[in-house]
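[1] build the 3D model from these lines:
(one chain, ligands or ions: 1)
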Amino acid sequence: MTQRQSTVTGRTANATAATPAPSDASPLQASSSPERPRPRPKRGVPEGLWLKCNGCQATIYRKEAEKMLNVCPQCGFHWYVSARQRIDQLFDPGTFEQWDDQLLPTDPLGFSDKKPYAKRIVAEQKRTGLSDAALTGTGMIRARRVACGVTDSSFIMGSMGSVVGERLARLVERATAQSLPLIIISASGGGARMHEGILSLMQMAKVSAALARYSEAGGLFISVLTNPTMGGVAASFASLGDLVFAEPRALIGFAGPRTIKATIRVELPPGFQTSEFLLEHGFIDRIIARQDLKSEIARAIDYCGD
Ligand SMILES: [Zn+2]
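    Model prediction:
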């Protein structure tokens, strides 16, 4: 996927220097070997002082990118941000209160692919600091209280297992009961989580049904699509916003381009699963750069009279 970062030049010895080198390697060896076989995050912004931009290929000073909320200062490429970073970027400081973090994933099928699902869950939780791929709660965006959910593509592709679906459904139900505007920010490269089989597939319908009741009650749902929003997430709640916003150049679609091409045997137009293409074709309402997201959400809430 496009957000998979490779990068980091040899000038980035700081990360190595900060952690003690393994006893069998001198610091010199450690800094000259390209990558120690320590566990690397599968997704996300790589460690180091410098980042290579996937948009313009420039080498960017990490701190400068971070100041811009992980956006390339030269070309505007939007890097991955974690669900927690997203909350920090969006909410007035100290106002976010998490809901349903006590709901934890289980392994109802005893599923195993490369490793048993039960072990995978624990490993992902350790690596990401999240208990599952969605984080939900309430807080203030420019002093307006909202209910908000964020999915994180670094946790099993941001796929929708039972816990993700249940947290989102409860989020929507609370937003309905408390008459709160609802924001869901999607970053899900996977759709249903295959490790949970049919239980995952049910989540699309469950969350969508909760959204229908929210809509009947007159609620305002702003769906924000970020890179990537694919599969069952794109095919359910992410597409159901009263307003659908997207970050620039995000990958948004259902199946991947290779699958589609192999199925319908038609040459696909260039960039057909990007925010820009989908805006032109009426699938999304606005493309909003990350730095403007907070103020534009607040403005949309005011405009819609919530
Ligand atoms: Zn760039």
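[2] secondary structure class for the residue nearest in space to the middle of the chain?
    With the centre of the chain defined as its mean C-alpha position, the nearest residue by Cα atoms, centre = their mean is Ala187, 2.6 Å away. On the three-state scheme (DSSP: H, G, I helix; E, B strand; the rest coil), Ala187 is labelled strand.
[3] list the contacts for it?
    Taking Cβ atoms under 8 Å, 6 or more residues apart in numbering, we find Ala187 in contact with 80, 83, 150-153, 158, 226-229. Backbone N, C-alpha and C define where each C-beta goes, glycine included.
[4] nearest to Leu49, of the residues you listed?
    When the contacts of Ala187 are ranked by distance to Leu49 (Cβ to Cβ), Tyr80 comes first, at 17.8 Å.
[5] I'd assumed that closest one was in a helix, is it?
    No: read with three-state DSSP, Tyr80 is coil and lies in no helix.
[6] give me the neighbour count for it.
    If you count neighbours by other Cβ atoms under 10 Å, Tyr80 ends up with 22.
[7] check Val164 too.
    Residues within reach of Val164, counting by other Cβ under 10 Å, total 31.
[8] domain parsing for this structure?
    1-80, 83-303 (automatic domain parsing).
[9] any chance of CSV for those, columns distance to the ion and mean pLDDT?
    Below are the domains of the chain laid out as CSV (distance: least, Cβ to the ion, whole Å; pLDDT from 0 to 100):
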stretch, distance to the ion, mean pLDDT
domain 1-80, 3, 64
domain 83-303, 11, 96
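[10] which of those domains is buried the deepest?
    Compared across the domains of the chain, domain 83-303 shows the largest average neighbour count, a mean of 19 (mean count of other Cβ atoms under 10 Å).
[11] kindly indicate which of the contacts of Ala187 lies nearest Ala262.
    Closest to Ala262, out of all of the contacts of Ala187 and judged by Cβ to Cβ, is Pro228, at 19.4 Å.
[12] and the next element down the chain from the lengthiest helix in the chain?
    Counting by DSSP state H, the longest helix found in the chain is helix 197-216. Following helix 197-216 in sequence order, the next helix or strand is strand 221-229 (DSSP states H and E).
[13] what distance separates that following strand from the centre of its chain?
    Chain-centre distance of strand 221-229: 8 Å, with Cα atoms, centre = their mean, to the nearest Å.
[14] list the helices and strands it packs on?
    Counting contacts by 3 or more Cβ pairs under 8 Å, 6 or more residues apart in numbering; DSSP states H and E, strand 221-229 is packed against strand 182-188, helix 197-216, strand 243-246, helix 290-303.
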